[in-house]
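Novice: how does the following fold in three dimensions:
(3 chains)
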Amino acid sequence: MRYWLFKSEPGEFSFDDLKNSPQSTTHWHGVRNYQARNFLRDEIKVGDQVLFYHSSSENVGVMGVAEVVKAGYPDATAWEVESLYYDPTSTPENPRWFMVDIRWKQAFKRLVTLQEIKNTPALQNMKLVQKGMRLSVQPVTKEEFEKICEMGTRP
DNA sequence: GCCAACGTTGGC
DNA sequence: GCCAACGTTGGC
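Specialist: Sure, this is the predicted structure:
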């Protein structure tokens, strides 16, 4: 089992939006970055655990945990002309972009803030806090995952 | 809203 | 293949 961090702007799609979705599950569509695409297509598997991160908002940090319930498959929004994520270079025969399905699993008792992560020695190597790192889908280690869960579930 | 740091595009 | 211009991300 592997561990990941997914970023979302809560104004677009929040952790609560995930919880309130049908079956608390959603297609993680719209990722248009090749590095992230490769993770979605090749490496993220059913059962993998996901830290759900809110970016670009007043409260930046990890909200809780989701679980992968379907591994990589083509992102159909790429060939929907009316979609925000339309990309004419992706076709059903030769899809360029991929997505996975994730299901809401557990809300932390409190937000684990970006600032707090930056201030935690054990989390200094997280991709999230590396200078210039903007990947919206990124791997985290088991140790990092467990540390953040511990921080989020303790008062 | 600002802006630094990236990633992508496209002319050459 | 280089690189300038442009668009995007995301913290602040």
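Novice: quick one, phi/psi of the residue of chain A most remote from its centre?
Specialist: What lies farthest from the middle of chain A is A:E93; by C-alpha atoms, centre = their mean that is 26.5 Å. When read as degrees, to the nearest 10, the backbone of A:E93 gives phi -70, psi -30.
Novice: my guess is A:T91 contacts A:D75. True?
Specialist: No - with contact defined as C-beta atoms under 8 Å, A:T91 does not reach A:D75; the gap is 11.9 Å. (Each C-beta comes from the backbone N, C-alpha and C, glycine too.)
Novice: out of these two, which sits in the busier spot?
Specialist: Higher neighbour count among A:T91 and A:D75: A:D75, with 27 against 12, using other C-beta atoms under 10 Å.
Novice: if I look at that one, how far off is A:R37?
Specialist: 9 Å (C-beta to C-beta, to the nearest Å).
Novice: any shared contact partners between the two?
Specialist: Common neighbours of A:D75 and A:R37 (criterion: C-beta atoms under 8 Å, 6 or more residues apart in numbering): A:31, A:97-98.
Novice: closest to A:E116 among these?
Specialist: Proximity to A:E116 was ranked across the shared contacts of A:D75 and A:R37 by C-beta to C-beta; first place goes to A:V31, at 26.2 Å.
Novice: spell out which residues of chain A are next to DNA strand C.
Specialist: A:7, A:9, A:32, A:55-56, A:60, A:114-115, A:134-136 (C-beta under 7 Å from any atom of the strand).
Novice: again, 6 Å this time
Specialist: Counting by C-beta under 6 Å from any atom of the strand, the residues of chain A close to DNA strand C are A:7, A:55-56, A:60, A:114-115, A:134, A:136.
Novice: among the residues you listed, which ones are in strands?
Specialist: Applying DSSP state E to the residues of chain A next to DNA strand C, the entries found in strands are A:K7.
Novice: near DNA strand B, which residues of chain A?
Specialist: So chain A meets DNA strand B at A:33-34, A:131-132, A:134 (C-beta under 6 Å from any atom of the strand).
Novice: try 7 Å this time
Specialist: Residues of chain A found near DNA strand B (C-beta under 7 Å from any atom of the strand) are A:33-35, A:131-132, A:134.
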